[in-house]
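Undergrad: Quick one, structure for this:
(chains A and B)
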Amino acid sequence: MSIEVKNLIKNFGERRVIDNVSFKVENGKTLAIVGFSGSGKSTILKLICGLLEADSGEIITSEGDIAMVFQYSALFDSLNVADNIAFALHERKELRKKYTEKEIRKIVAEKLQLVGLKGIEKKFPSELSGGMQKRVSFARAIVTEPKSILYDEPTAGLDPISSTLIEDYIVRLKDETNAASVVVTHQMSTITRTADYVIMLYDGRIVFEGTPEEMLRQDNEYTKQFVTASLEGPMQMISEN
Amino acid sequence: MSSLQKYYKQSATYKIASGILKELEKFLDTLGKITLNGIEVIKCILKFQIDIRELIEQCSRFGVSSLPITLSIVGMTSIIVASQVALEMVKQGGGNFVGLLMTILLVRELGVIMSGFAIISMIGSSLASEIATMRVTEQIDAIDVLKVNPIRYLFVPRVLSGFIMMPPVVLIATAIGVITGAITAHLTSGLGYRAFFDSAWLGIYMKDLSVSMLKAFCFGGVIALISCSCGYYASGGAKGVGEATTKAVVWSFVAIVILDMVFAGIFFF
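TA: This next block holds a predicted model:
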């Protein structure tokens, strides 16, 4: 078991954003978390990787690193691509001792090749397109060989072709690393092309669990509304307040 | 809720009191965060967890980049003060004490406090907005997820560069202040340079210089620490970056004025 979440609860002030959520993700599998904006999807990722603390519940992960690919890439704009990817290798004491500078350069080149961006080491994030930035952030995420990879809306804001490319890389990274992956997304193509399982959140609670095929069958009134993008249905826009 | 409670909550007294309490809570929260970050920075420095390459870069930013504006502000302040006092003192027969007065003013107070203000406006605001932008674009979250200590990576080189670079900047600015003071006194009152510098030496004691350098050392670190902390806790996009920068400037101004009073109380009373 690589990621297991049990009875997770998180409140922001008086508002409960995650309400008793539980799920498991095996190594080499991908879980997609879908739902309305503000339904608590990204909060779950932040809880898993330790950026937020849960009010109650349990998160069990395999030993090793958890990587996260951020919605807007979150590349360090003062560092070039090579330094972005090698950031953890340079800054973490145990990794700095493990690798020489020559080995680090080799690892960076390998990771860049894996995401199809060979030879852009010296470029700065501002010189790259949105899709390329996203792929560099993939390379940065996997540089520590994580056991779990979290993706926060990896295809948001990208054109359909770039989205397909990113989806292919999500599948490829899962196969290469055998990591447990969690993808937060709104896009149907990302769900169908990358996920083994899907959970749908509404108002912080799980309202659907199943495979992408089961989701597309629209047996559930929530998935039906989501897939058909209908305004009519059980889900109404949640007020931020 | 009883109608009396409702009435009370609508009253001006309640609104003013709750507003004050809320501001006090925010103030203590910020003070606590800055203190905790300061402790963490000191821990990292004592363990020598310092990125030398980044430290050199920050020293260059803190010292070299800020020098023109710092020298201009201290120099111009000195011109203003000298032009106000030199002629009057010469008229009253105190021309021999113009250099002494200017030197005491610059070494004890003007050099360090005006340099502090210049550094806050140039470096403090830039540190706060840089780190706040990193916060709102999730770059600091990325540092956290990559299991790198953001305090060590972001704060330590910046705060340490403040400690290291502020004393030489103040020393140079003070020297420039004394020179511009002498020129101004000569131009406005005809006071000779010899007379100015003869009395200037009388006003400098080792204690004054040491306290000035100690103040500069503390001001530099405090400005960098407050600026980094205000940026670090920014939230909410471009507006959050602006608010963090304003907060960093206001807190740094107030902090160095309070510190200056504490130094004056300890060393000159």
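
Undergrad: tell me which residues of the helix or strand that contains B:T174 are tucked away?
TA: Assigning secondary structure by DSSP states H and E places B:T174 in helix B:156-189. Neighbour counts over helix B:156-189 (16 or more other Cβ atoms under 10 Å in any protein chain shown) mark B:156-167, B:169-174, B:176-178, B:180-186, B:188-189 as buried. C-betas here are computed from N, CA, C, even on glycine.

Undergrad: For the residue nearest the centre of chain A, which three-state class applies?
TA: By Cα atoms, centre = their mean, the mean C-alpha position of chain A lies nearest to A:Y151, the distance being 1.0 Å. When classified by DSSP: H, G, I helix; E, B strand; the rest coil, A:Y151 comes out as strand.

Undergrad: try A:F23
TA: A:F23 ends up strand, using three-state DSSP.

Undergrad: how much space is there between it and A:V182?
TA: 9 Å (Cβ to Cβ, to the nearest Å).

Undergrad: neighbour-wise, which of these two wins?
TA: Shown here are A:F23 and A:V182; by other Cβ atoms under 10 Å in any protein chain shown, A:V182 has more neighbours (29 against 17).

Undergrad: Might you report the residue contacts of the more buried one?
TA: By Cβ atoms under 8 Å, 6 or more residues apart in numbering or on different chains, the contact list for A:V182 reads A:3, A:25, A:30-33, A:44-45, A:48, A:148-151.

Undergrad: Just the buried positions in stretch A:24-33, please.
TA: For stretch A:24-33, by 16+ other Cβ under 10 Å, it's A:25, A:27, A:29-33.

Undergrad: which stretches of chain B form helices?
TA: B:3-9, B:12-46, B:52-59, B:67-91, B:98-104, B:111-119, B:125-136, B:139-145, B:150, B:156-189, B:193-202, B:206-232, B:237-267 (DSSP state H).

Undergrad: quick one: the second one to chain centroid distance?
TA: In other words, helix B:12-46. 19 Å (Cα atoms, centre = their mean, to the nearest Å).

Undergrad: mind listing what's buried in it?
TA: B:30, B:34, B:37-38, B:40-41, B:44-45.

Undergrad: quick revisit: what touches both of A:F23 and A:V182?
TA: Counting by Cβ under 8 Å, 6+ apart, the residues touching both A:F23 and A:V182 are A:L31.

Undergrad: separation between B:A248 and chain A?
TA: 19 Å (Cβ to the nearest Cβ, to the nearest Å).

Undergrad: Number of residues surrounding that residue?
TA: 27.

Undergrad: try the one 3 residues further on
TA: Around B:W251 there are 23 other residues, counting by other Cβ under 10 Å.

Undergrad: Run through the residues that contact residue 83.
TA: Reading this off chain A. For A:D83, the contact set (Cβ under 8 Å, 6+ apart) comprises A:76, A:90.

Undergrad: try again with chain B
TA: B:S83 neighbours (Cβ under 8 Å, 6+ apart): B:184, B:188.

Undergrad: circling back: filter the buried residues of stretch A:24-33 down to just the ones in strands.
TA: Secondary structure from DSSP state E places A:25, A:30-33 of these in strands.

Undergrad: out of the residues you listed, who's nearest B:M102?
TA: Nearest to B:M102 among those is A:I33, at 68.4 Å by Cβ to Cβ.

Undergrad: hey, what's the closest one bridged with?
TA: In this entry, A:I33 is beta-bridged to A:V184, A:I199, by DSSP bridges.

Undergrad: What residues of the worst-scoring helix or strand of chain A on mean pLDDT count as buried?
TA: The helix or strand of chain A with the poorest confidence is helix A:221-228; it has a mean of 82 (mean pLDDT, DSSP states H and E). For helix A:221-228, the neighbour count (16+ other Cβ under 10 Å) marks A:222-227 as buried.

Undergrad: So which residues make contact with that helix?
TA: Contacts of helix A:221-228 (Cβ under 8 Å, 6+ apart): A:34-35, A:188, A:200, A:202, A:207-208, A:215-216, A:218, A:230, A:232-235.

Undergrad: so how far is that helix from its chain's centroid?
TA: On Cα atoms, centre = their mean, the centre of helix A:221-228 falls 23 Å from that of its chain.

Undergrad: So which bits of chain A are right by chain B?
TA: Listed as neighbours of chain B in chain A under the rule Cβ under 8 Å from any Cβ of the partner chain: A:46, A:49-51, A:65-68, A:70-72, A:74-77, A:87-88, A:91-92, A:140, A:144.

Undergrad: give me that answer again for 10 Å
TA: Taking Cβ under 10 Å from any Cβ of the partner chain as the measure of proximity, chain A contacts chain B at A:45-46, A:49-51, A:65-79, A:84, A:87-95, A:137, A:140-141, A:143-144, A:146, A:150, A:152.

Undergrad: what about burial for those, which qualify?
TA: Looks like the residues of chain A next to chain B have A:45-46, A:49, A:51, A:65-76, A:79, A:84, A:87-92, A:95, A:137, A:140-141, A:143-144, A:146, A:150, A:152 buried, using 16+ other Cβ under 10 Å.

Undergrad: tell me the mean pLDDT over the helix of greatest length in chain A?
TA: Identified as the longest helix of chain A according to DSSP H is helix A:160-177. On average, the pLDDT along helix A:160-177 is 86.
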